[in-house]
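Student: Structure, please.
(chains A and B)
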Number of protein chains: 2
Amino acid sequence: MGSTKKTKIKIKSKKKETKKEKFSELRQDLISGDWVVIANSRGKRPDDFKTETKVSEKSSVESCLFCDPVASGQEKDVLIYNTSDDDWSLRVFPNKYPAFARPTGKIQHKEEGPYFWMDGLGYHEVVVTKDHFERIGTMENLKVAEIFDAFQTRYLDLMNKKSVRYIEIFHNQGKSAGASIFHPHSQLVAIPVVSPYIKLELEGAERYYKANKKCVFCNIIEWEQEKKERIIFENDRFIALCPFASRRAFEVWVLPKKHMPYFERMETEDKIQVGEALNEAVRKINVVLNDPDYNFYLHTSPCDGKDYSHYHWHIEILPKTSIWAGFELSTGIEISAIEPEKAASALKKV
Amino acid sequence: MGSTKKTKIKIKSKKKETKKEKFSELRQDLISGDWVVIANSRGKRPDDFKTETKVSEKSSVESCLFCDPVASGQEKDVLIYNTSDDDWSLRVFPNKYPAFARPTGKIQHKEEGPYFWMDGLGYHEVVVTKDHFERIGTMENLKVAEIFDAFQTRYLDLMNKKSVRYIEIFHNQGKSAGASIFHPHSQLVAIPVVSPYIKLELEGAERYYKANKKCVFCNIIEWEQEKKERIIFENDRFIALCPFASRRAFEVWVLPKKHMPYFERMETEDKIQVGEALNEAVRKINVVLNDPDYNFYLHTSPCDGKDYSHYHWHIEILPKTSIWAGFELSTGIEISAIEPEKAASALKKV
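Tutor: Reported below is the predicted structural model:
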């Protein structure tokens, strides 16, 4: 896999573990049962949240923390794709300010009064491509495929770590989408719980399967291929479409056309084709919306050893076309100000 | 109720209904079962979402749409609190650009292929206080009580409308929290479904009651009063605290101390005291965080005729202290960068 001839994969695993210290906590909401992370480790004081404290976006190559991660004091690589002995195209290293710290022992579950919580332990890694300005949507398809190869490689390593139940892979593009560093990068976060949204989808997919003897995602793909109204791109193995119940204007999903519960079981050809599909989808969004900020993330089966054969992994892209305000925050019902059919029609034309 | 001597309540109900036209749709996500609103009525074209299109915040009194709603062509009041024959302190009128249009007949449920949706019909109203600059947190307590009186009055009217199942009351403060108009205002949206987040809380509260023979919220209040670690304000009837599983730094909940499932059953004294508690909570947040943007909203029992005696209505205040990025959007697990105990300690001191 790779866009350059000499791509070589060296995996270096970090041996030295830092000693256990007060870190993040995963706290359970007593009413909803959902989890939150209290990242108290970052040692923030109340004053740090004052509105006047603005973090400037470091967009220049000179001050970039990711152009030369070694020189800028990032953690040691856990994966590097070299293009030559002294050059690289992609590298993965632990996040210097992780939301979840690496475990050094068993995760402690705690209880006090009515409340429950546990240590916020896990793995938080950053996937960085070399070029400071070359983003998904502007790079060669094979370079995006290389990113997926890195996702898979790291996933396969992290999924076998003790107490990892789910691995979230995501990408924040732009300040308003939560990116604190300009240089393009994705993140993997391996956590000790199955997240609420994944649970909801797993339950929904199972319910649908029981009622219809069919994967809900496969059924959606089949219907969309017949209607041709919401599809914006297709190759042999992947399809990109605006979902019927779009939560944001210009939301796009990228799905494998063949039923596939587990992201990590992708073959080389899958990675090449998902690379093309994601690249194309983002390129189209960039043209129609003028390079908006966005988030994308993978939804895949948990790695907790259970059977999720009714699930179907996919990518969701959420351009930052609106702010979720009081109504959305309170109800969980999002308002999209354009029909996905209209959005798809504009994206298709690009 | 009121901070001025001559407060007088006149309710004018809107008689003329506009004829039914293509409006919003409530579409159901086939996997999660959640609803989204496709507000296609606003007639937006793809170009309207381009990043360069910036809506300017109209913060001057001269150009304000809410300082003189009649002159600026807002819809007719459904409620007005007059302070004299020609002056007012608060008024409520239908939102000119509603997310849900007023129904003129039965809500249609539709189905096509695997998908379900229904007309996005309901009621969307704006609650405006007179002063352009005077916000919650800076006004007299009794003025906030008057806002709650308006919430209740409109709630009691809307809850009896056909096909209304839930009424969401919320307030967006500041641009980054989604407020498109500077002039302080709250909103009521009456919708034909019970929202996913409320459902989750109702189920959780019932589950908790069955297991513990106790209201989960009452139990939390009792525990917090014993611990005194997360309470930031208390009067006879209401309590304001930073929740144990805080989703955002400096999140605050305001709850009635007595078990109370239905917001709309508040007595006059409740409105006075919740006004004080909310006003105090926001004032404290404003001091510690330097007037941040924020959202607050009410969570109360649905008005669909069922019994929700295990639920406990309350207000949640979410200061805009962070952006929910790829991790939060994907997992539903929020990261708060400060412990609620530390946040409470800072807020308490104000």
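
Student: Could you find the closest non-adjacent residue to A:A177?
Tutor: In space, not counting the residues next to it along the chain, A:A177 is nearest to A:D293; the distance is 3.9 Å by Cβ to Cβ, 6 or more residues apart in numbering or on different chains. C-beta coordinates here come from the backbone N, C-alpha and C atoms, glycine included.

Student: since we're on that neighbour, how many residues are nearby?
Tutor: Other residues within reach of A:D293 by the criterion other Cβ atoms under 10 Å in any protein chain shown amount to 20.

Student: now do the one 5 residues further on
Tutor: Counted with other Cβ under 10 Å, residues neighbouring A:L298 total 23.

Student: Who does it form a beta bridge with?
Tutor: Counting by DSSP bridges, A:L298 is bridged to A:I315.

Student: Isn't the residue nearest to A:A177 up against A:R135?
Tutor: No - using Cβ atoms under 8 Å, A:D293 is not in contact with A:R135; the gap is 11.3 Å.

Student: For these two, list the residues in contact with both.
Tutor: Common contact partners of A:D293 and A:R135 (Cβ atoms under 8 Å, 6 or more residues apart in numbering or on different chains): A:Q173.

Student: Do you know the pLDDT at the residue nearest to A:A177?
Tutor: On the pLDDT scale, A:D293 is placed at 95.

Student: Roughly how far does A:R45 sit from B:I317?
Tutor: With distances defined as Cβ to Cβ, to the nearest Å, the gap from A:R45 to B:I317 amounts to 21 Å.

Student: More neighbours: which of those two?
Tutor: B:I317 (23 against 9).

Student: isn't the more buried one right up against B:V252?
Tutor: Yes - look at B:I317 against B:V252 with Cβ under 8 Å: they come within range, at 4.4 Å.

Student: shared neighbours of the two, which are they?
Tutor: Common contact partners of B:I317 and B:V252 (Cβ under 8 Å, 6+ apart): B:281, B:285.

Student: which one is A:I323 nearest to, not counting chain neighbours?
Tutor: B:G178 (4.2 Å).

Student: To clarify, my last question referred to A:D304.
Tutor: Nearest in space to A:D304, with sequence neighbours left out and distances taken as Cβ to Cβ, 6+ apart, is A:R165 at 4.2 Å.

Student: Single out the residue in the stretch 101-250 of chain A that lies closest to chain B.
Tutor: Relative to chain B, the nearest point of the stretch 101-250 of chain A is A:G178 (2.6 Å; Cβ to the nearest Cβ).

Student: And the one helix or strand A:K271 maps to, what's buried?
Tutor: A:K271 is part of helix A:268-289, with elements assigned from DSSP states H and E. Buried residues in helix A:268-289, counted by 16 or more other Cβ atoms under 10 Å in any protein chain shown: A:270-286, A:288-289.

Student: Ok, stretch A:236-248 next?
Tutor: Using 16+ other Cβ under 10 Å as the test for burial, stretch A:236-248 gives A:237-248.

Student: That one: end-to-end distance?
Tutor: Start to finish, the residues bounding stretch A:236-248 are 27 Å apart (Cα to Cα, to the nearest Å).

Student: Does chain B have contacts with that stretch?
Tutor: Yes - Stretch A:236-248 lies in contact with chain B when judged by Cβ under 8 Å from any Cβ of the partner chain; the contacting residues are A:243-247.

Student: now do stretch A:24-33
Tutor: Yes - counting by Cβ under 8 Å from any Cβ, chain B has neighbours in stretch A:24-33: A:26-33.

Student: Strands - which of these land there?
Tutor: Cross-referencing those against strands under DSSP state E gives A:26-28.

Student: residues near A:E234, how many?
Tutor: A:E234: 17 surrounding residues under other Cβ under 10 Å.

Student: Which strand residues bridge the nearest residue to it once chain neighbours are set aside?
Tutor: Setting aside the residues directly before and after it, A:E234 is nearest to A:A240 in space (Cβ to Cβ, 6+ apart), at 7.2 Å. When bridges are taken as DSSP bridges, the partners of A:A240 come out as A:F233, A:V254.

Student: got a list of what A:A240 touches?
Tutor: Contacts for A:A240 (Cβ under 8 Å, 6+ apart) come out as A:231-234, A:252-255, A:277-278, A:280-281.
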